[in-house]
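Undergrad: quick one, structure for this:
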Amino acid sequence: MTSLLKKVAAVALVALIATACRKENADQSLQQLSNSNLSKQEIGGGVTLARAVGAGDTAQVRNLKSDSIIPPSTPAPFYYSLSTESIVGATSSSRALQFNGYFNADINGINGFTLKYVDAATATYASITALNAVSVSSAVTANKVGYNNGTTIGWYNYFFNDNHKVLPVAGRTIIAYKTVGTTVTEIYKIKMLSIYKDMPASPTGTEPIPYLSFDYERLQ
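TA: Okay, here's the model as predicted:
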C-alpha cells in the first residue's frame, strides 16, 4: 500500500470511529433523558404523565399508589386532575376528583365536576361520546362512586367471604363532567380497572394494595 493510500485509510478509520462515538453518545443521552423523564413521572408511587389532556386524548393510569392504611382507619384524601393527568393539591384549579375512604378507593367529584355512571346494558365504554355521555348516564348518591353495596351505586364490589377481594363492577363506566354556570365545559369517561398492584387479570386478594389503575378519555 502506498503512503497516500495509508493516509486515506487512516483518515477514513478515524472518521468511522468518531461517527460511532457520536451515535453511542446520542443513544446514551436519549436513554438518560428517558430515565430522567420516568423518574419525574413517579407521583405518589404511581406513574402519571402530568401532561395536558385535550378533547379526544386518552390516558392509562397504572399503579397510582395511595396510603395502605388498614380499615377502619382511612388515609388522607388526595386530589386528581383529569385535564393534566396528575395528582394535584387540594386548591388546584384543575382538580376534578377526590380519592378518599378506605384505601382511597372512593371517588368524589369536586371543583364543579359531577359524577354519573353508565352500565354496559345502556351504553358500552367504547360507544359513549361527548354527545350522549351526560344524557345516557344516571345519577349517583352524594356525587360519589365507591363501594357498590346494592343500595348505593359504586365502581367496586367487595367480597367479604372470598379473601376480601375488591373487584370492579363489570361494564360500568364513570362519567365526570364539569359545569360552569349552565355550560358543560369538560366531559370524561372513566373505566376503573383494579386496586391491586400491576392489575392482575384474576386477583386472589393477596396482592399488594392499593395501587389504583384506570383508563379514561376526554370527550370534550
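Undergrad: quick one: buried residues of stretch 131-143?
TA: 133-134, 136-137, 140, 143 (16 or more other Cβ atoms under 10 Å). Where you see a C-beta, it was placed from the backbone N, CA and C, and this is true even at glycine.
Undergrad: got it, and stretch 145-156?
TA: Buried residues in stretch 145-156 (16+ other Cβ under 10 Å): 145-148, 153-156.
Undergrad: again with stretch 69-79
TA: 75, 77-79.
Undergrad: same check on stretch 195-209?
TA: 195-197, 199, 203, 209.
Undergrad: what about the residue most central in space within the chain, distance to Ser73?
TA: Against the mean C-alpha coordinate of the chain, by Cα atoms, centre = their mean, the closest residue is Val61 at 2.0 Å. Taking Cβ to Cβ, to the nearest Å as the measure, Val61 falls 25 Å from Ser73.
Undergrad: please apply the same query to Lys197.
TA: As for Lys197, its distance to Ser73 is 21 Å (criterion: Cβ to Cβ).
Undergrad: residues touching Thr206, list them.
TA: For Thr206, the contact set (Cβ atoms under 8 Å, 6 or more residues apart in numbering) comprises Asn163.
Undergrad: so how far is Asn148 from it?
TA: Using Cβ to Cβ, we find Thr206 at a distance of 22 Å from Asn148.
Undergrad: likewise for Asp162?
TA: 15 Å.
Undergrad: would you mark the buried spots in the lengthiest strand in the chain?
TA: Of all segments of type strand in the chain, defined using DSSP state E, the longest is strand 183-194. Neighbour-count burial for strand 183-194, counted by 16+ other Cβ under 10 Å, picks out 186-194.
Undergrad: can you pull out the low-pLDDT segments for the protein?
TA: 1-49 (pLDDT under 70).
Undergrad: and it, what are its domain boundaries?
TA: Domain assignment for the chain by automatic domain parsing gives 1-43, 44-218.
Undergrad: what about the helices in the chain?
TA: Secondary structure of the chain (DSSP state H): helices located at 3-41, 133-136.
Undergrad: now do the last one: which elements does it pack against?
TA: Secondary structure elements in contact with helix 133-136, counted by 3 or more Cβ pairs under 8 Å, 6 or more residues apart in numbering; DSSP states H and E, are strand 113-119, strand 172-180, strand 183-194.
Undergrad: any chance of those in TSV, with distance to Asp106 too?
TA: Below are the helices and strands packed on helix 133-136 laid out as TSV (distance: least, Cβ to Cβ, whole Å):
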stretch	distance to Asp106
strand 113-119	11
strand 172-180	12
strand 183-194	11
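Undergrad: so which of those strands is nearest Ser93?
TA: strand 172-180 (11.3 Å; Cβ to Cβ).
Undergrad: parallel or antiparallel, list what pairs with the closest one.
TA: Strand 172-180 pairs in its sheet with strand 113-119 (antiparallel), strand 183-194 (antiparallel), by DSSP bridges.
Undergrad: what's next to the first one, contact-wise?
TA: For strand 113-119, the surrounding residues in contact (Cβ under 8 Å, 6+ apart) are 96-97, 107-109, 128, 133-134, 136-140, 143-145, 153, 155, 171-179, 186.
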